[in-house]
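Chemist: using only what follows, build the 3D model:
(one chain, ligands or ions: 5)
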Amino acid sequence: MIFTSAFIAASLPFIAALPTPLKVSRGLPIPLSKRDAARRADDGSLLTVCSKVHRGIAAYEVNTGATHSLASLVSTPLVKRQAGSGGDILTDDQQVLWFGTIQVGTPPVQYTVDFDTGSSDLFLPGPTCGTTCSNHTVYNPASSSTSSDLGKTFSLAYGDGSTVSGKQFTDVVAISGSTATNQTLGSANQYSSGFQSPNFPADGLMGMGFPSISVYGANPVFQTLVASGVITEPVFSFKLATEGSELFIGGTDANLFTGNFTFVNVTQQGYWQVEMDALTVNGQNVIPIAQTSSIIDTGTTLIVGDTQTVATAYRSIQGATDNGDGTYTVPCNATPNLSLTFGGRSFSVDPATFILGSSSGATTGCIGGLSYNDAIAGQFWIIGDVFLQNVYTQFDVGKGQVGFAALSSSSIHEGVTCKIEVVDEVPRD
Ligand SMILES: *[C@@H]1O[C@H](CO)[C@@H](O)[C@H](O)[C@H]1NC(C)=O
Ligand SMILES: *[C@@H]1O[C@H](CO)[C@@H](O)[C@H](O)[C@H]1NC(C)=O
Ligand SMILES: *[C@@H]1O[C@H](CO)[C@@H](O)[C@H](O)[C@H]1NC(C)=O
Ligand SMILES: *[C@@H]1O[C@H](CO)[C@@H](O)[C@H](O)[C@H]1NC(C)=O
Ligand SMILES: *[C@@H]1O[C@H](CO)[C@@H](O)[C@H](O)[C@H]1NC(C)=O
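Modeler: Ligands and ions are numbered 1, 2, ... in the order given. The predicted model follows:
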């Protein structure tokens, strides 16, 4: 993810803004919390998303010495939307963030992290983070007998100017009962506003992409677990929903899906990059390219595509208006049938997950879950939580593939349109 400051600036009056537990499991599920946050449109999480992509590609090239196939697509500097043009239309846009717990250090201290398949590094607030990390649990390497200073700094920058920087360490990281020893992680000495409380409900962020996009040049936590043999099935799976969300480490949770998985191969291991066959709105395919590169990203809320295709998609939705900032406003009671096809199988997006929340400003209505960004220029898409809430998704590190299955009926999310529900933790036995 890495929504950071983009998200976040404003709290909706009707959001209790209570972080809600999500569970993580491993062969064991981890409860994931869902927290509804709000953001402003002025900086735009879309820019943040693309900045993240850009950073990942730079890391890929440094790490592999190869040119990433997407590099040319994102080399255009991101231009911030001009202030005043279109106004802050999205002040009430709702965003959703899922997080769960990990334990770090010796003795272990528990932290909440946002699990992000769109990046590959882990960071937590460090002891010198000061007020920028207020209300977050701090990771203090000096208090952990297993910490080791790598003598390297790190700095992650986001499209809206938000940053995380600090020092790299290795330490013991446990997730859902599996322990990664000698895991590289960042101890931040500064959080910009996007990661600050109350904008960011988790303490830190854990990347779950491939090592080639690690800015640290290190194995992400999951790969460390696999490499050390702690996890035998090199697969992790997500259910992201308003209820019973779960990250499952080391396989899939049979309780949460039904029927078979449909798999798509990762075409380039960096992001979870696969080919999307079609995107239909009310039965009509709008993507002009049969195999459109797509990044499956739990850390991005929206589906992000190119301007032209997204405009075509919204033409089928009555009352949709372009906000000029990458998003569209749609009537809050719209019920478009948006479907994405992967591996020859079509998966529909429930209107309840497509409609994001009311906007304010020039146009009233709700925000549509499909957004555009010129920086990706019709060449690849980012498939975020608006889609992922509708499927059970497995990320197979061993085979380099992503599998989608139908959510089991007992686990399907409750519909929410223009309002927010708080999720209760679901204990697992
Ligand atoms: C721990 O990881 C660091 C950085 O990846 C590496 O330099 C070091 O050799 C590792 N130590 C052990 C004991 O594996
Ligand atoms: C930290 O939490 C307290 C209590 O909830 C709150 O009053 C305070 O504003 C928070 N500080 C920050 C920087 O978010
Ligand atoms: C699942 O796959 C198996 C084996 O390929 C097949 O026999 C079965 O019909 C499939 N089930 C569904 C519900 O598609
Ligand atoms: C996916 O990759 C595997 C192994 O490389 C290959 O056997 C399979 O045919 C590929 N599937 C598709 C749909 O391309
Ligand atoms: C939505 O569109 C998909 C793809 O065209 C189709 O398979 C599905 O039946 C549609 N769902 C509804 C409820 O119309």
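
Chemist: next to ligand 1, which bits of this protein? Give me the list.
Modeler: Leu150, Thr170, Asn182, Thr184, Ala218 (C-beta under 6 Å from any ligand atom). (Glycine included, C-beta is placed from N, CA and C.)

Chemist: leaving out sequence neighbours, find the closest residue to the closest residue to ligand 1 within the chain.
Modeler: Distances between the chain and ligand 1 by C-beta to the nearest ligand atom are smallest at Asn182, namely 3.8 Å. The shortest distance from Asn182 to any non-neighbouring residue, by C-beta to C-beta, 6 or more residues apart in numbering, is to Thr170 (4.8 Å).

Chemist: which SSE is the one you found in?
Modeler: Secondary structure assignment for Thr170, by DSSP states H and E: strand 163-175.

Chemist: coming back round to it: and the pLDDT at the residue nearest to Asn182?
Modeler: Listed pLDDT for Thr170 reads 98.

Chemist: with Ile30 instead?
Modeler: At Ile30, the model reports a pLDDT of 56.

Chemist: hang on, the earlier thing: tell me the secondary structure for the residue of the chain closest to ligand 1?
Modeler: Of the three states, Asn182 takes strand under DSSP: H, G, I helix; E, B strand; the rest coil.

Chemist: tell me the contacts of it?
Modeler: Asn182 sits next to Ser148, Thr170, Asp171, Val172, Thr224 when contact means C-beta atoms under 8 Å, 6 or more residues apart in numbering.

Chemist: the second one: neighbour count?
Modeler: What it means is Thr170. 19 (other C-beta atoms under 10 Å).

Chemist: leaving out chain neighbours, which residue sits closest to Ile287?
Modeler: Closest to Ile287 by C-beta to C-beta, 6+ apart is Leu279, at 4.8 Å.

Chemist: shouldn't the one you found be within a helix?
Modeler: No: judged by three-state DSSP, Leu279 forms no part of a helix; its state is strand.

Chemist: restrict stretch 281-290 to CA atoms and write it as CSV.
Modeler: The C-alpha trace of stretch 281-290 is given here as CSV (Å, rounded to 0.1, in the frame of the first residue of the first chain):
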residue,chain,number,x,y,z
VAL,A,281,-19.0,-2.6,-17.2
ASN,A,282,-22.5,-3.8,-17.5
GLY,A,283,-21.4,-6.6,-19.8
GLN,A,284,-19.3,-4.5,-22.2
ASN,A,285,-15.5,-4.9,-22.3
VAL,A,286,-13.7,-1.6,-22.0
ILE,A,287,-10.1,-2.5,-22.1
PRO,A,288,-8.7,-2.4,-25.6
ILE,A,289,-5.7,-4.7,-24.9
ALA,A,290,-6.5,-8.4,-24.4
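
Chemist: so where is the stretch 51-200 of the chain shaky, pLDDT-wise?
Modeler: Applying pLDDT under 70 to the stretch 51-200 of the chain flags the ranges 51-97, 157-162.

Chemist: was I right about Pro331 contacting Ile367?
Modeler: No: taking C-beta atoms under 8 Å as the definition, Pro331 is not a contact partner of Ile367, at 11.4 Å.

Chemist: the two: which has the busier surroundings?
Modeler: Between Pro331 and Ile367, counted using other C-beta under 10 Å, the more crowded position is Ile367 (28 against 16).

Chemist: in which helix or strand would I find that one?
Modeler: Going by DSSP H and E, Ile367 is in strand 365-368.

Chemist: for that strand, list every residue counted as buried.
Modeler: Gly365, Cys366, Ile367, Gly368 (16 or more other C-beta atoms under 10 Å).

Chemist: so what's the third one bridging to?
Modeler: Each beta-bridge partner of Ile367 is listed here: Thr329, as defined by DSSP bridges.

Chemist: lovely, talk soon.
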